[in-house]
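Asker: Need a 3D model of the following:
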Amino acid sequence: MRYTGISRLIAIMAVIVVIVAIASFFGGMYAGSSGAPQGVITVTATEPQRVTVVQTIIQTVTPSPQITTPTQTPPPIVLPDKIVIGLAVPLTGAQADAGKRGFWGIMAAVKWVNEVYGGVNLYGRKIPLEVKYYNDESKKDLVQALTERLITVDKVHFILSTYSSPLVTAQAPITEKYKYVLVNWGAATDYMYEQGYKYVVGIPTPASKYLVTALEALRSIDPNLKKIAIMYKDDEFNRASGIGASAKAKEMGYQIVYEKIYPADIKDFTPYITELARSGAEALFVSAHYADGQLLSKQLADAGVNFKYIAINVAACLQSYYETLGKLADGILCPSQWEPGTKYSPALARSMGIEWFGPTTEEFMPFFRNVTGDPKILPSYHSGLGAAAVLALVKAIETAQSLDQDAIRQAFNKLHLMTFYGVIKIDPATGSQVGHEMVLGQWQNGRFVIVWPQEAAEARLYYPLPTWDEKRAGKTASY
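Answerer: Numbers count the residues shown, from 1 in each chain. Okay, here's the model as predicted:
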C-alpha cells in the first residue's frame, strides 16, 4: 500500500511537470506573437487529460511537414506621370550663346521623344519627359545653388549638366554629394574624369582627343608629311587639347618642330609667327577659343606664313569666323563634336553592328526650328551635344527599367549606340566618352562642310591649302 501511494504521488508530480512544461511552451508562443494576448493554460489532472497532454507533446516535438507560405505578389511599382529632367543652363552671361544653342538642342530632343517616340518605355508604359530649368547666368556659385535646388526642392528625376568646363567642374561635386547621375554634355575637360566621380557620364569627346581626328586625316591624305607645329592657349581645356595632340603626334611618328603654349589674354601673335616661319613646319595645329583663334589666323595671313594644312579648334567652326575673315578662312579645318552636315544614319549603324536611336539630322531639324522659332538659326555642335545627352539618358532609363540613380549609372556602362550625333559609348571606370569621334569640318568656297571621317563626310577634304595670296586672288578650297 505504501509503495502504491508513492507511485501515485510520483504519477501526480509527473503530470504537474508536464502541465507546467506545456504552459511554458504555449505561453512562449503567445508572448512571441505580436499583439497576441498572454494567458495561462489550465489542465485538469485526470487520466484522459494526461493522455491528451502526452499526445500534444509528441506532436509538438515530432517534425511536421514543411508548410510553404504562398509567395506574396510585390506591390505594383508606382510610375510617375512624367520623368522630369533638371537643368541649370547659362542663358545669359559669358556662356550665353553656347548655352542657348545647347538648350535648344535639349528641348528639340525632348519634343522628338514625346511627340514621335511617344515617351520613355518603362514597365510597358510610355512616360513623357519634362524639363525643369533655371538660368545660371554663367556663374559658378549660382549653378551650384540651382543644381542643389533641382535635387532637394524640385526633386527632379535626373540632371543634365550646364555648359562650359569651369561651370560643370563646379557643378559635379553637388550631384556627386546627392548621388545623382550628371549627364555631362557641356564640358570636354579631361579633369572631370580624373577626380574619381562615380555619377558623372560624358557625352563629348574629351579635350585631349580634340585634334586627333585632324592628325589622322592628315596622315591619310599625305603620309609623307612629317614636320608639324602645335600651339595652344594656356587654360584648362586648351592645355588638355594641345598636350593630347602632342602625345598623339609623337605616337604617330610626326616630328614636332615647334610647340608653344601662349597666354590666355594674348593680344599679339607676332613673336610666335616669326618663330613659326623659321620652324620649317608644313602643318599647323592650334587649340584656341574664338577671339585668339581668329586673331592668329588674321596675323598669319598678314605675315604671309603659309602651311599645307591648318586645323584650329574651336574658333574656325563658327560662322562668325568666316564672316570676319572672308575668303581668307577658306581651306581652314576645324575639329567639331558635331555639325549639321554630318552623315550619321541608321544604315551606317547597321553596317557597324551598332544600335541606332533617335531622329536623323533631317528629322531633328523641324523640332529644332520649332524650339528656336527662327528657321534661319542652324544647330551648332552645342545643339547636337544637348540632344545626344537626352537620347542617351532615355536609352539608359529603358535599359535599366528603373529611375534609380545607381541603376541608371550602371545602364550607361552598357550603352553602345549611334545617334545623329555619332557613336555613344562610356568608359565604365571613369564615365568618360570613348565611342564618339570628332568630325573634321573645312571651309570650302564659303561653306563649312564635313570632310572627315570619310563614312560621315559630305565632301572631300581639300589639300593642300591655297596660300593666303592665292585666296586673296580668288582661289577657293573646293574641287
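
Asker: C-alpha only now, for contacts and for neighbours.
Answerer: Noted.

Asker: Poorly predicted segments of the protein, please.
Answerer: Counting by pLDDT under 70, the chain shows low-confidence ranges at 1-77.

Asker: Show me how it divides into domains.
Answerer: 2-61, 83-205+344-425, 209-336+439-472 (automatic domain parsing).

Asker: need the helices for the stretch 201-350 of the chain, in chain order.
Answerer: 212-221, 236-251, 270-279, 290-303, 319-325, 346-352 (DSSP state H, counting those that start in this stretch).

Asker: Show me what counts as buried in the first one.
Answerer: In terms of neighbour count (16 or more other CA atoms under 10 Å), helix 212-221 has its buried residues at 212-218.

Asker: now, which of those sits nearest residue 275?
Answerer: Sorting these by how near they are to residue 275, with CA to CA, puts residue 215 at the top with 21.9 Å.

Asker: looking at it, the closest one is touching residue 249, isn't it?
Answerer: Yes. The pair residue 215 / residue 249 is scored as a contact, 7.0 Å apart, by CA atoms under 8 Å.

Asker: What about residue 323, how many residues nearby?
Answerer: Each residue near residue 323 was counted by other CA atoms under 10 Å, and the total is 11.

Asker: and if you look at residue 473?
Answerer: For residue 473, using other CA under 10 Å, the count is 10.

Asker: repeat for residue 258
Answerer: Using other CA under 10 Å, residue 258 has 18 neighbouring residues.

Asker: Is it bridged to anything, and to what?
Answerer: When assigned by DSSP bridges, residue 258 has beta-bridge partners residue 229.

Asker: Please list all residues in contact with it.
Answerer: The contact partners of residue 258, taken as CA atoms under 8 Å, 6 or more residues apart in numbering, are 228-230, 276, 279, 281.

Asker: just to revisit the earlier point, so which of the helices of the stretch 201-350 of the chain is the most surrounded?
Answerer: Neighbour counts averaged per stretch over these are highest for helix 236-251, at a mean of 20; criterion: mean count of other CA atoms under 10 Å.

Asker: mind listing the strands for the stretch 301-450 of the chain?
Answerer: 309-313, 333-336, 355-356, 416-419, 422-425, 439-444, 447-452 (DSSP state E, counting those that start in this stretch).

Asker: Run the chain-centre distance for the fifth one.
Answerer: Centroid separation between strand 422-425 and its chain, computed with CA atoms, centre = their mean, to the nearest Å, is 10 Å.

Asker: Of the helices of the stretch 201-350 of the chain, which is nearest residue 192?
Answerer: Closest approach to residue 192 among the helices of the stretch 201-350 of the chain (CA to CA): helix 236-251, 10.9 Å.

Asker: Would you mind getting the angle between the closest one and helix 212-221?
Answerer: Counting by axes from the mean of the first three to the mean of the last three CA atoms, to 10 degrees, helix 236-251 points 30 degrees away from the direction of helix 212-221.

Asker: Can you tell me what sits against helix 236-251?
Answerer: By CA under 8 Å, 6+ apart, the list of residues contacting helix 236-251 reads 165, 188-190, 207-212, 215, 230-233, 255-256, 261, 286-288.

Asker: Just the ones of those residues in strands?
Answerer: Secondary-structure check on the contacts of helix 236-251 using DSSP state E: residues within strands are 230-233, 255-256, 261, 286-287.

Asker: which among the residues you listed gets closest to residue 104?
Answerer: Nearest to residue 104, judged by CA to CA, of the ones in strands among the contacts of helix 236-251 is residue 287 at 26.3 Å.

Asker: how deep is the closest one tucked in, by neighbour count?
Answerer: By the measure other CA under 10 Å, the count of residues near residue 287 is 30.

Asker: give the contact list for it.
Answerer: Here residue 287 is in contact with 211, 231-233, 238, 241-242, 293, 312-314 (CA under 8 Å, 6+ apart).

Asker: Return the member of these nearest to residue 405.
Answerer: Distance from residue 405 was checked for each of these by CA to CA. The minimum falls on residue 241, at 31.2 Å.

Asker: export the helices of the stretch 201-350 of the chain to CSV and tack on distance to residue 358?
Answerer: Shown next, in CSV, are the helices of the stretch 201-350 of the chain (distance: least, CA to CA, whole Å):
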stretch, distance to residue 358
helix 212-221, 25
helix 236-251, 30
helix 270-279, 45
helix 290-303, 31
helix 319-325, 27
helix 346-352, 9
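
Asker: For residue 198, which of those is the nearest?
Answerer: Among these, helix 236-251 sits nearest to residue 198 (CA to CA), with 21.7 Å.

Asker: list the contacts for residue 262?
Answerer: 231-234.

Asker: isn't residue 457 right next to residue 343, touching?
Answerer: Yes. Residue 457 is within contact range of residue 343, at 6.1 Å (criterion: CA under 8 Å).

Asker: Pretty sure residue 257 sits against residue 229.
Answerer: Yes. Under the contact definition of CA under 8 Å, residue 257 touches residue 229, with a separation of 5.9 Å.

Asker: Neighbour count: these two, which is higher?
Answerer: For residue 257 and residue 229, the more surrounded residue by other CA under 10 Å is residue 229, and the numbers stand at 23 against 16.

Asker: Relative to residue 330, how far out is that one?
Answerer: Noted for residue 229: a distance of 20 Å to residue 330, by CA to CA, to the nearest Å.

Asker: Then residue 176?
Answerer: 45 Å.

Asker: So those two - more neighbours on which side?
Answerer: Looking at residue 176 and residue 330 with other CA under 10 Å, you find the greater number of neighbours at residue 330, namely 26 against 15.

Asker: who's in contact with the more buried one?
Answerer: If you count contacts by CA under 8 Å, 6+ apart, residue 330 has them with 322, 442-446, 471, 476-477.

Asker: switch to 6 Å and redo it
Answerer: In this structure, residue 330 makes contact with 443-444, 477, judged by CA atoms under 6 Å, 6 or more residues apart in numbering.

Asker: swap in residue 374?
Answerer: With CA under 6 Å, 6+ apart as the criterion, no residue contacts residue 374.

Asker: tell me, how many neighbours does the residue nearest to residue 282 when sequence neighbours are not counted end up with?
Answerer: Closest residue to residue 282 in three dimensions, ignoring its sequence neighbours and counting by CA to CA, 6 or more residues apart in numbering: residue 307, at 5.1 Å. If you count neighbours by other CA under 10 Å, residue 307 ends up with 20.
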